[in-house]
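Chemist: Structure of the sequence below:
(chains A and B)
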Number of protein chains: 2
Amino acid sequence: MSERDALTREAARLDAADPLAGRRELFVLEDPEHPEGAVYLDGNSLGALPRAVPDRIADVIAREWGQLRIRSWTESGWWEAPERIGDRIAPLVGAAPGQIVVGDSTSVNVFKALVGAVRLADADGPRGAARDEILVDAATFPTDGYIAHSAARMTGRTVRAVPPGELADAVSGRTAAVLLNHVDYRTGELHDLPGVTAAAHAAGARLVADLCHSAGALPVGLDEHGVDFAVGCTYKYLNGGPGAPAYLYLRAEHQARFDSPLPGWHSHRDPFGMTPDFAPAADARRGRVGTPDLLSMLALEAALTVWDGVDVAEVRAKSLALSDFFLRCVADLAPAGRVVSLTPEDHARRGSQIALECPQAEAVMAELVKRGVVGDHRRPGVLRFGFTPLYTSFADVERAARTLAGVLRDVEGRP
Amino acid sequence: MSERDALTREAARLDAADPLAGRRELFVLEDPEHPEGAVYLDGNSLGALPRAVPDRIADVIAREWGQLRIRSWTESGWWEAPERIGDRIAPLVGAAPGQIVVGDSTSVNVFKALVGAVRLADADGPRGAARDEILVDAATFPTDGYIAHSAARMTGRTVRAVPPGELADAVSGRTAAVLLNHVDYRTGELHDLPGVTAAAHAAGARLVADLCHSAGALPVGLDEHGVDFAVGCTYKYLNGGPGAPAYLYLRAEHQARFDSPLPGWHSHRDPFGMTPDFAPAADARRGRVGTPDLLSMLALEAALTVWDGVDVAEVRAKSLALSDFFLRCVADLAPAGRVVSLTPEDHARRGSQIALECPQAEAVMAELVKRGVVGDHRRPGVLRFGFTPLYTSFADVERAARTLAGVLRDVEGRP
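Modeler: This is a model prediction of the structure:
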């Protein structure tokens, strides 16, 4: 028991020294089925509920919708919500204001961004039009690949899937756009966004980044690295709630030429002119489409208050410390050889989750959930544990690893 | 004052005889600024709040998101919400179950439906591919036209705008798809959906219907009339809340061949297989895209409970009685010549709103709102008054007309 005690003491020491420890109170982490609290390590799938959300949404429903009704489009700031909330996300991904609009799903935004990127090539003339392929990282979350194929089909291009580590070498004068997941959803590997972006630009191609698994967990640096377009969801590390709307980053220099495949009336220069001819807004609003889901969007806005005054560098430092500690606890506590980490040990290549290969992943995760430790599994044999630095404690991590060790002992070794 | 008294008595008589009168209690219609209650005639833009929504959403947030978190995707039925809620909308638009999915905005769904319709033509072989145009009703709500142009551009077609009354004659062997607004958003004119659909089919074209201004106000008969695809919002007569998600109707016989331009992972046959190759779901789920906004979607589901046991024919009868009565009150009470109805008198051509041409529309509507009567205006000179049979009373209508008459007397006659 001495090793276990040592880890427990170490967790307590790390929590006591954690500058973000106070943020945990901003979230609902109670679990009626586990009075000692749940260990929630699935914030990389659905972030926990920020305490600011329920009262805000109750007011949106009762007063803004229930009493002001249609007047809220102007009087409650509903119309400007997509760009206002975009500006709240901007500092978390290293973007100056005026470049992000919130709305639609990630999939729909991938479509806008990829088609927009390809059309920039077309607008460059015959040499751009000769750029006949879209490169997609071969390990992409599936929807990005499906949508990339549709964008390619509808713009007369083809898709080529390339392992993410080889993208920088694969980009060429035939490449119109590169679609890169910043962090691999399965393994938690952090890809080289600056390097791939620079390689794309050197070849005259545009870079579209999917930030679903990085925004809110680590610095992104969209402006700094020259990323052309980016998309991301808001229900993981941004804690916006189930299916909270995604966002689209349109780099300032591209906005005037962004040619959306989904030119809905909310992207019109004068939406209430209601003219039959489309004239796009001059700025990031060009990325909007139709009427956005306000309840989900305003829940996200309330959720984002947990970031007030947070330094993303501090978030990153804690994220790495959490995953380091988790790996150490698993190594110390779990039966040897039953799980193997798929996540790079190198900090420069690690996102904010640890993926453990485990042939019995489904059964192990079901038992973990029963014992109050919530991660998830991805077929066929991956256990995922996500670390959300604003609310995950080192004590959580130690308890998760200890519980995992117990489950592995109790679950049969063969699948 | 005798005419006014007569109208007041008539309103009371009509309300007393109204079989839907009891539904009014299901909505929040209080207005702190007008203790006598607001007259809300803008349900054709944003429906009033159903009383069932606040408690349901409080529970979704506190328990389903706050406590169950990721488990709610399965345990709270989140994953199936788009098709489950689609099946609740189905009877309101004359559709058998299994043909409607909820999600995304109307604009995005117009894109899916139009591209899907054109691709059916392509799948028909060379004769279908020769169908080189999309017909759009020339009075369409603007976003439909903008999106139609994008769909046409991305499928190698052109758009031809045709006055809605001439669509049936304009459709030809060159037509791939026809996009028709069931009710004109501006004038409230009800278009001949069965007639245009039959004409489209006779010419071998597909019909896409936009039901934003008809669903929930009158019978639609999608299955009966053979409509191929339909879209609609849910925040008008369906009272789903601000920006509540739209829906897509995929006629059963087309589902197996529906080829979506937005094949997100939620439309995959096995979403959690997470395979790089796309294989579409066999049914209406093929119309889904990415992760839907659950808070907005579940608010809509709660809102739809107001329809339990409602006969749409009864809704239609009351809608026409309300607009008839409004026109009669305006004719009797308003100063002569100041407003002219743009809405057809013929019941067969009338939706559920009255549009009054009025050069001073903006000033008049602002003053009406101050006096507790809420409609809206559309530039340059149209006052819109929408009648939502589930909560609009005849007394509301009489008070609105009386207030309008007073405002018209007080506002200058020249713009």
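Chemist: Can you check my assumption that residue A:275 lies in a strand?
Modeler: No: counting by DSSP: H, G, I helix; E, B strand; the rest coil, residue A:275 is not part of a strand but coil.
Chemist: how does chain A divide into domains?
Modeler: Domain assignment of chain A by automatic domain parsing yields the ranges A:2-50+A:311-410, A:79-307.
Chemist: okay, these in TSV with mean pLDDT, distance to chain B and mean neighbour count next?
Modeler: Where you see a C-beta, it was placed from the backbone N, CA and C, and this is true even at glycine. Putting the domains of chain A into TSV (pLDDT from 0 to 100; distance: least, CB to the nearest CB, whole Å; neighbours: other CB atoms under 10 Å in any protein chain shown) gives the following:
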stretch	mean pLDDT	distance to chain B	mean neighbour count
domain A:2-50+A:311-410	95	4	19
domain A:79-307	97	3	23
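Chemist: Can you name the residues that contact the residue nearest to residue A:38 when sequence neighbours are not counted?
Modeler: Nearest residue to residue A:38, sequence neighbours excluded (CB to CB, 6 or more residues apart in numbering or on different chains): residue A:31, at 3.6 Å. Contact analysis of residue A:31 by CB atoms under 8 Å, 6 or more residues apart in numbering or on different chains lists A:37, A:38, A:372, B:67.
Chemist: Please enumerate the strands of the stretch 151-300 of chain A.
Modeler: Assigned by DSSP state E, counting those that start in this stretch, the stretch 151-300 of chain A shows strands spanning A:158-162, A:175-181, A:206-210, A:229-232, A:247-250.
Chemist: residues in contact with residue A:319?
Modeler: A:217, A:218, A:352, A:387, A:389.
Chemist: Residue A:335 too?
Modeler: Counting by CB under 8 Å, 6+ apart, residue A:335 has contacts A:405, A:408, A:409.
Chemist: Kindly report the same for residue A:118.
Modeler: A:131, A:134, A:151, A:152, A:155, A:157, A:176, A:177.
Chemist: about what we covered before: then the residue nearest to residue A:38 would be within a strand, right?
Modeler: No: under three-state DSSP, residue A:31 sits outside any strand and is assigned coil.
Chemist: quick one, phi/psi of it?
Modeler: phi -150, psi 110 (degrees, to the nearest 10).
Chemist: how close does it get to residue B:294?
Modeler: Plainly put, residue A:31 is 20 Å away from residue B:294 if you go by CB to CB, to the nearest Å.
Chemist: Same question for residue A:372.
Modeler: Look at residue A:372 and residue B:294: by CB to CB, they are 24 Å apart.
Chemist: Residue A:359 now?
Modeler: In terms of CB to CB, residue A:359 sits 33 Å off from residue B:294.
Chemist: hang on, the earlier thing: could I get the contacts of residue A:319 as a markdown table with distance to residue B:328?
Modeler: Putting these into a markdown table (distance: CB to CB, whole Å) gives the following:
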| residue | distance to residue B:328 |
| --- | --- |
| A:217 | 63 |
| A:218 | 66 |
| A:352 | 66 |
| A:387 | 67 |
| A:389 | 66 |
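Chemist: quick one: which of those is nearest residue B:290?
Modeler: residue A:217 (20.4 Å; CB to CB).
Chemist: Isn't that closest one up against residue A:318?
Modeler: No: counting by CB atoms under 8 Å, residue A:217 does not reach residue A:318; the two are 9.9 Å apart.
Chemist: so what sits against both of these two?
Modeler: residue A:389.
Chemist: Okay, the closest residue to residue A:256 other than its chain neighbours and residue A:261: tell me how far apart.
Modeler: Computed as CB to CB, 6+ apart, the closest residue to residue A:256 that is not its neighbour in sequence is residue A:282, at 6.6 Å. From residue A:282 across to residue A:261, the span is 19 Å (CB to CB).
Chemist: How about residue A:316?
Modeler: 35 Å.
Chemist: do the same with residue A:128
Modeler: Residue A:128 is 17 Å from residue A:261, by CB to CB.
Chemist: what does the helix or strand where residue A:147 lies contact?
Modeler: Assigned by DSSP states H and E, residue A:147 belongs to helix A:142-155. With CB under 8 Å, 6+ apart as the test, helix A:142-155 has contacts from A:106-107, A:110-111, A:114-115, A:118-119, A:122, A:133-134, A:136, A:140, A:157-159, A:161, A:176, A:179, A:181, A:210, A:261, B:154-155, B:260-266, B:268, B:274-276, B:278, B:290.
Chemist: again with stretch A:405-415
Modeler: Outside stretch A:405-415, the residues touching it (CB under 8 Å, 6+ apart) are A:330, A:333-335, A:338-339, A:358-360, A:363-364, A:367-368, A:371, A:381.
Chemist: Residue A:269 and residue A:283 touch, don't they?
Modeler: No: using CB under 8 Å, residue A:269 is not in contact with residue A:283, being 9.8 Å away.
Chemist: correct me, but residue A:306 touches residue A:28?
Modeler: No: if you go by CB under 8 Å, residue A:306 and residue A:28 don't touch, sitting 11.6 Å apart.
Chemist: Show me whatever sits in contact with both of these two.
Modeler: residue A:50.
Chemist: can you map out the strands along the stretch 301-415 of chain A?
Modeler: Under the criterion DSSP E, counting those that start in this stretch, the stretch 301-415 of chain A contains strands at A:340-341, A:353-357, A:373-374, A:376-378, A:382-386.
Chemist: Quick check, central residue of chain A?
Modeler: By CA atoms, centre = their mean, the mean C-alpha position of chain A lies nearest to residue A:212, the distance being 2.0 Å.
Chemist: How about that one: what's its closest non-neighbour residue?
Modeler: Excluding the flanking residues, the one nearest residue A:212 by CB to CB, 6+ apart is residue A:233, at 4.8 Å.
Chemist: need the contact list for that neighbour.
Modeler: A:105, A:106, A:212, A:244, A:246, B:291.
Chemist: and it, what are its phi and psi?
Modeler: Phi and psi for residue A:233, reported as degrees, to the nearest 10, are phi -90, psi 170.
Chemist: What of residue A:64?
Modeler: phi -70, psi -40.
Chemist: again with the one 5 residues further on
Modeler: As for residue A:69, its main-chain torsions (degrees, to the nearest 10) stand at phi 50, psi -130.
Chemist: Chain B versus that one, what's the distance?
Modeler: According to CB to the nearest CB, to the nearest Å, residue A:69 stands 6 Å off from chain B.
Chemist: who's in contact with that residue?
Modeler: Per CB under 8 Å, 6+ apart, neighbours of residue A:69: B:40, B:42, B:46, B:48, B:49, B:374.
Chemist: what sits opposite the last one in the beta ladder?
Modeler: By that I understand residue B:374. Assessed by DSSP bridges, residue B:374 has beta-bridge partners residue B:40.
Chemist: shouldn't it be in contact with residue B:43?
Modeler: No: using CB under 8 Å, residue B:374 is not in contact with residue B:43, being 9.5 Å away.
Chemist: For residue A:215, which non-adjacent residue is spatially closest?
Modeler: residue A:232 is the one closest to residue A:215 (CB to CB, 6+ apart), at 4.7 Å.
Chemist: again, but for residue A:380
Modeler: Using CB to CB, 6+ apart, the nearest residue to residue A:380 is residue A:361, at 7.4 Å.
Chemist: thinking that neighbour is in contact with residue A:384, fair?
Modeler: No: the pair residue A:361 / residue A:384 is not scored as a contact, 9.0 Å apart, by CB under 8 Å.
Chemist: Quick one: end-to-end distance for stretch A:59-78.
Modeler: Taking CA to CA, to the nearest Å, stretch A:59-78 runs 14 Å from one end to the other.
Chemist: can you check stretch A:126-146 too?
Modeler: 27 Å.
Chemist: For the residue nearest to residue A:38, give its distance to residue B:54.
Modeler: Using CB to CB, residue A:31 is found at 25 Å from residue B:54.
Chemist: Also residue A:45?
Modeler: Taking CB to CB, one finds residue A:45 at 28 Å from residue B:54.
Chemist: cool, residue A:316 as well?
Modeler: Taken as CB to CB, the span from residue A:316 to residue B:54 is 39 Å.
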